[in-house]
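> For reference, the sequence and a predicted model appear below.
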Protein chains: 2
Amino acid sequence: MKSDIEIALNAEMKPIEEIANMLALTKEDWEPYGHYKAKLSDHLLEKLATRPDGKIILTTSINPTPAGEGKSTITVGLGQAMNRIHKNTIIALREPSLGPTMGIKGGAAGGGYSQVVPMEEINLHFTGDIHAITTANNALSAFIDNHIHQGNELQIDPRRVEWKRVLDINDRALRQVVVGLGGPTKGMPREDGFKITVASEIMAVLCLANDLQDLKKRLAKMVIGYTYGKEPVNVEQLGFEGALTLLLKDAIKPNLVQTLENTPAIIHGGPFANIAHGCNSLMATKIAAKLGDYVVTESGFGADLGAEKFINIKTRAGGFEPDAVVIVATIRALKMHGGMDKKQLETENLEALAHGMDNLKKHMETIKQFNLPFIIAINKFPADTQKEVDYLINWCSKEQAEVSLVDVFTEGGQGGTDLAYKVVELCEQKQSDLTYTYELNDSIETKIEKIAMKIYGADGVEFSSKAKRQIKQINENGFSNLPICMAKTQYSLSDDPGKPGRPSGFRITVKELHPSVGAGFIVALTGDVMTMPGLPKKPAALNMDVTEAGTIKGLF
Amino acid sequence: MKSDIEIALNAEMKPIEEIANMLALTKEDWEPYGHYKAKLSDHLLEKLATRPDGKIILTTSINPTPAGEGKSTITVGLGQAMNRIHKNTIIALREPSLGPTMGIKGGAAGGGYSQVVPMEEINLHFTGDIHAITTANNALSAFIDNHIHQGNELQIDPRRVEWKRVLDINDRALRQVVVGLGGPTKGMPREDGFKITVASEIMAVLCLANDLQDLKKRLAKMVIGYTYGKEPVNVEQLGFEGALTLLLKDAIKPNLVQTLENTPAIIHGGPFANIAHGCNSLMATKIAAKLGDYVVTESGFGADLGAEKFINIKTRAGGFEPDAVVIVATIRALKMHGGMDKKQLETENLEALAHGMDNLKKHMETIKQFNLPFIIAINKFPADTQKEVDYLINWCSKEQAEVSLVDVFTEGGQGGTDLAYKVVELCEQKQSDLTYTYELNDSIETKIEKIAMKIYGADGVEFSSKAKRQIKQINENGFSNLPICMAKTQYSLSDDPGKPGRPSGFRITVKELHPSVGAGFIVALTGDVMTMPGLPKKPAALNMDVTEAGTIKGLF
């Protein structure tokens, strides 16, 4: 089989104008960015306000493992399959970050015959959204340091500036820096650090804003640090929310591309799934629902993090509900959850598989708690044996869970039509309302306990003394009614990445909390979260090139 | 009169497709970026190779003063005027840097009724070229620090890393930083600093490359620092020239926009005019010459820096010659050169004007040295008196110099038709070949002396002991045959910004030299050059906004 980039470069793409025409968009509704990308107007939602919404299908997965689950590939493949069975369906995905592309071989545009294209554009600068966020984030840093340098009217404590600079690059040397060195003409010295751009609060703000003015309101509320008197300082006090909004006026417009099978895909926003909520923009999802009868959209990591945040953060901000959930699993990954070593996954092992089902089971229970119908999508791998597949399907049958064996990686949409038919049926089943995990006016402690106990299966939550102090401060500052954004390892239901499967008898420890007031959530950290990746000894960039003939090499 | 942004937002722009059609471009020759911007194919030059070249008109000026000369405005206005007299003319300009736009009120897209549009796009993210350069520059920094961190096979001396990080933001706190703090997982600690993106050598490389493969060759040659044994280390040794080229594959494509009067304008690249050569890209100028019968293009600062580098660096790299030169001057600025205070410029002062003519005179002599025909364009300001104008015109007549009084700011192209007719005549006068200021195989000292004595009117050059050591090293490393890029104050012909007019009896002091081997020049610094601007106490960004009605505020 060909590599992802070979398949992508041989795609028979339609001019983006044709995709826009398929969606009945008029000239005012979109702008071209090259021949195969477009930006949709940020006024499209207003214009289509009276149009009924399509059904929203959310893809999620078991806890990820190094074996791979292929959630993006299933998302793209299901979108293609839905169109093959003549259901007008649009895909809504996150945009990939350039930093990791340069560092490790990989990408976030699906795989095999279920990819979004032009893959090499989407994985490089795309339409510049992430660069605009980098610019806005770092302009704000410059404004903060300039304020301190020019008299510090607001009495910002240089030791308590929480706003970090960002770059869309994997660069460990920037994790911890000192800025402002070199004397009085070079600012006030202070400790600082860089995050990768997708970890900027501005990315989360962009992804949760309902329109440009909502974006501005959220930017204004972002807390950048604290005064010497420990009072929070926000962007509005500095007076730069207008400038930041201006810098983001195009980034807020969702991007339209297509899949290998010419299914329309709206790719927009890509916040971290630990210190942020991990899904594409609200505007992308909502516009997709106006333009299609069905939307397939993705959440980050496993259901314990991604789906939980999709429900409790994103749908709350957007005022919508998903209609069905697809839980992606692979036999390989379930065997790893059952205790098997990564190197042996090619060998049949029904016992490990049986043990691993516990992880899937917990995520099924989670989706049931939300009151949402779901289906399990088994992403087929070549080494899966018939016995393993049979075991899994029987297990689902006993659990009275819908299941579909999917191979969209090698077959494209054709490999997902069974899933597509079942998903259409599933969407008709939803009868009652979505149930949130917690109420917004629960105390911060209660909200976190409800997530930990209901979603992770923990016995309870420990709060460090620092966390307790911070909760007190957050309450005093009036931010306590925000939803919680849990930053927990994605590899385990617990906060210990070494515990696969379905651990029990554990407690979650919350070490720190940070209010992301603009984004509209409180981040609760249960461990060290790496917000600036490093490069490996031999970065993927070493193999990248553009040849004399113009061929792109080394992407994926 | 309306403000620049009001005029720009009320422009009757043609869809970029119409501009492309005017230039007889086919579908393969360009890609849209929105409805009013396009990128031209980087293969266009090859395709048009056999087409004859249009005449190239270079605009330059007297030494700039705070009174303003309006060189960009004249460049745009002349382009418009040429088309009014039915000469098929294209404008080639630099792209503005976002950092200063946020910091101080101003822009680099012309002014009044001689602007390029869409002005608000051109002055914000435009087509992402500068962001791509930021990314490539900082990816290289990450690769360097990662190399040092992962074993340092090349034995790069962390104290001798010359490659700096960049951001397109005015941020004094980043001028001098320490990176790699926080222990062994966060890289190797070392001193570093950030420049503004347009000061990146990659910007100069992009602007001097003849095509994408030439770009790659130049990137490969960039010296990033020195080993413990003081040997230069370049990008090719690190192995990342392919990845950097891939990151720049779209940035190398020149951008097509239009003026307020729908004259085609190619806006591409914008290197600093002190530590780099300060003009738009070679490819933009050469493509403009293939598409138009005339090109109006601009060099940086005054003729002592901008025109000198345009001739000795850019035309050498590109293998072309200008056909005529326009020297822009204002009566206000000439009076400042004649010793008048900035606050009194509204008052008639023939004596100051007479004294100030010396500065213009020297630049005329410089252009004569190049063997190029020239005309003086007087950019009219409301406070200029008839006596002052008459004096200036008589003076030119005595000097047997062509002159034209221009008011393209308030009148658009109509205010420059006299200049346009005279420029067309001037282009016919060029008979003999261009004369360079120095030979490439002159010694470094001789090259600098020739520039200082012939162009600045200095008596000679002093080299600091550091500069002498560096010249020895540059000679040993085999880089001595490159042209020189002088980094000198733009405010004076001398290296002392406090000496306006035409100083005499002075020597130039060269403090440091840096080889920009990829760009293909040796930078000679005659003073401290600020490569990262700072913000004022009240940055322009404070007034920026996008209103609920969608109106952009605070730009210019």
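Cool, got the structure.

> who in the stretch 1-150 of chain A is up against chain B?
Remark: the part of the stretch 1-150 of chain A in contact with chain B comprises A:31-35, A:39, A:98, A:102, A:124-125, A:128, A:131-132, A:134-135, A:138-139, A:141-143, A:145-146, A:149-150, using Cβ under 8 Å from any Cβ of the partner chain. In short, each C-beta sits where N, CA and C put it, glycine included.

> filter the residues you listed to the buried ones?
Among the residues of the stretch 1-150 of chain A next to chain B, those classed as buried by 16 or more other Cβ atoms under 10 Å in any protein chain shown are A:31-35, A:39, A:98, A:102, A:124-125, A:128, A:131-132, A:134-135, A:138-139, A:141-143, A:145-146, A:149.

> and those residues, which of them are in strands?
Using DSSP state E, the members of those that fall in strands are A:E31, A:P32, A:K39.

> now these in a markdown table, with pLDDT?
Shown next, in a markdown table, are these (pLDDT from 0 to 100):
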| residue | pLDDT |
| --- | --- |
| A:E31 | 97 |
| A:P32 | 97 |
| A:K39 | 98 |
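
> quick one: contacts for A:C207?
Residues in contact with A:C207 (Cβ atoms under 8 Å, 6 or more residues apart in numbering or on different chains) are A:H268, A:G269, A:G270, A:P271, A:A276, A:H277, A:C279, A:N280, A:S281, A:L282, A:K314.

> would you say it is within a helix?
Yes - per DSSP: H, G, I helix; E, B strand; the rest coil, A:C207 lies within a helix segment.

> For it, report the pLDDT, please.
On pLDDT, A:C207 comes in at 98.

> Is it correct that A:I56 is in contact with A:D293?
No - the pair A:I56 / A:D293 is not scored as a contact, 10.9 Å apart, by Cβ atoms under 8 Å.

> More neighbours: these two, which one.
Shown here are A:I56 and A:D293; by other Cβ atoms under 10 Å in any protein chain shown, A:I56 has more neighbours (24 against 16).

> The more buried one: what secondary structure?
Under three-state DSSP, A:I56 comes out as strand.

> distance of the spatially closest residue to it that is not a sequence neighbour from A:T297?
Sequence neighbours aside, A:P322 is the residue nearest to A:I56 in space, at 4.5 Å (criterion: Cβ to Cβ, 6 or more residues apart in numbering or on different chains). Per Cβ to Cβ, to the nearest Å, A:P322 is found 8 Å from A:T297.

> Same question for A:K230.
40 Å.

> of the two, who's got more company?
A:T297 (25 against 11).

> Make sure that one is indeed in a strand.
Yes - looking at A:T297 with three-state DSSP, it is inside a strand.

> Grab the nearest non-local neighbour of it.
Spatial nearest neighbour of A:T297, chain neighbours left out: A:A92 (4.0 Å); criterion: Cβ to Cβ, 6+ apart.

> Return the residues in contact with that neighbour.
Contact analysis of A:A92 by Cβ under 8 Å, 6+ apart lists A:A265, A:I266, A:I267, A:H268, A:N280, A:A284, A:T285, A:A288, A:V295, A:V296, A:T297, A:E298.

> what do you get for A:L260?
Here A:L260 is in contact with A:I7, A:A8, A:A11, A:Q80, A:Y113, A:S114, A:Q115, A:V117, A:G412 (Cβ under 8 Å, 6+ apart).

> now with 10 Å?
By Cβ atoms under 10 Å, 6 or more residues apart in numbering or on different chains, A:L260 lies in contact with A:7-8, A:10-13, A:76-77, A:80, A:110, A:112-117, A:119, A:412-413.

> and the gap between it and B:L181?
According to Cβ to Cβ, A:L260 and B:L181 sit 45 Å apart.

> swap in A:Q213?
For A:Q213 relative to B:L181 (Cβ to Cβ), the value is 40 Å.

> do the same with A:L58
Taking Cβ to Cβ as the measure, A:L58 falls 41 Å from B:L181.

> Likewise for A:L25?
According to Cβ to Cβ, A:L25 stands 50 Å off from B:L181.

> how distant is stretch A:59-66 from the center of its chain?
13 Å (Cα atoms, centre = their mean, to the nearest Å).

> Equivalent analysis for stretch A:403-417, please.
That offset, for stretch A:403-417, works out to 23 Å (Cα atoms, centre = their mean).

> what distance separates the start and the end of that stretch?
Stretch A:403-417 has an end-to-end distance of 13 Å (criterion: Cα to Cα, to the nearest Å).

> for stretch A:461-470, same thing?
Counting by Cα to Cα, you get 16 Å between the two ends of stretch A:461-470.

> can you list contacts of that stretch?
Residues external to stretch A:461-470 that are found in contact with it (Cβ under 10 Å, 6+ apart): A:444-446, A:448-453, A:471, A:495, A:507-515, A:522, A:524-526.

> Among those residues, which are located in strands?
Per DSSP E, the subset of the contacts of stretch A:461-470 in strands is A:R507, A:I508, A:T509, A:V510, A:E512, A:L513, A:H514, A:P515, A:I522, A:A524, A:L525.

> Counting neighbours, which of those residues end up buried?
A:I508, A:T509, A:V510, A:E512, A:L513, A:H514, A:P515, A:I522, A:A524, A:L525.

> Model confidence at the one residue in the stretch 401-550 of chain A that gets nearest to chain B, what's the number?
Checking the stretch 401-550 of chain A residue by residue against chain B with Cβ to the nearest Cβ singles out A:D545 as nearest, at 3.2 Å. Per-residue pLDDT puts A:D545 at 95.

> how many neighbours does it have?
Using other Cβ under 10 Å, A:D545 is surrounded by 18 other residues.

> With A:D29 instead?
Neighbours around A:D29, by other Cβ under 10 Å: 19.

> follow-up on the earlier one: among the residues of the stretch 1-150 of chain A next to chain B, which lie within helices?
In this view, the residues of the stretch 1-150 of chain A next to chain B that belong to helices under DSSP state H are A:98, A:102, A:131-132, A:134-135, A:138-139, A:141-143, A:145-146, A:149.

> my read: A:E411 touches A:N379, true?
No - A:E411 lies out of contact with A:N379 (Cβ atoms under 10 Å); the separation is 11.9 Å.

> overlap in contacts of these two?
A:G77.

> Looking at those two now, which is surrounded by more residues?
The neighbour comparison of A:E411 against A:N379 (other Cβ under 10 Å) goes to A:N379, with 26 against 18.

> which residues touch that one?
So A:N379 contacts A:61, A:68-71, A:73-74, A:77, A:328-333, A:405-409, A:415-416 (Cβ under 10 Å, 6+ apart).

> Can you pick out the most distant pair from the ones in helices among the residues of the stretch 1-150 of chain A next to chain B?
Farthest apart among those by Cβ to Cβ are A:M102 and A:H149. That separation is 33.3 Å.

> coming back round to it: who's more crowded, A:Q213 and B:L181?
Between A:Q213 and B:L181, counting by other Cβ under 10 Å, B:L181 is the more crowded of the two (19 against 15).

> mind saving the C-alpha coords of stretch A:295-312 as PDB?
The C-alpha coordinates for stretch A:295-312 follow below in PDB (Å, rounded to 0.1, in the frame of the first residue of the first chain):
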ATOM      1  CA  VAL A 295     -21.800  16.300  10.900                       C
ATOM      2  CA  VAL A 296     -19.100  13.900  12.000                       C
ATOM      3  CA  THR A 297     -16.800  15.600  14.500                       C
ATOM      4  CA  GLU A 298     -14.000  14.500  16.800                       C
ATOM      5  CA  SER A 299     -13.000  15.000  20.400                       C
ATOM      6  CA  GLY A 300      -9.500  14.600  21.800                       C
ATOM      7  CA  PHE A 301      -7.800  11.600  23.400                       C
ATOM      8  CA  GLY A 302     -10.200   9.100  25.000                       C
ATOM      9  CA  ALA A 303     -13.800   9.600  26.100                       C
ATOM     10  CA  ASP A 304     -12.700  10.300  29.700                       C
ATOM     11  CA  LEU A 305     -11.000  13.500  28.600                       C
ATOM     12  CA  GLY A 306     -12.200  14.400  25.000                       C
ATOM     13  CA  ALA A 307     -15.900  13.400  25.100                       C
ATOM     14  CA  GLU A 308     -16.300  14.600  28.700                       C
ATOM     15  CA  LYS A 309     -15.000  18.100  27.700                       C
ATOM     16  CA  PHE A 310     -17.000  18.100  24.500                       C
ATOM     17  CA  ILE A 311     -20.100  17.600  26.500                       C
ATOM     18  CA  ASN A 312     -19.500  19.600  29.600                       C
END
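
> Alright, that wraps it up for me.
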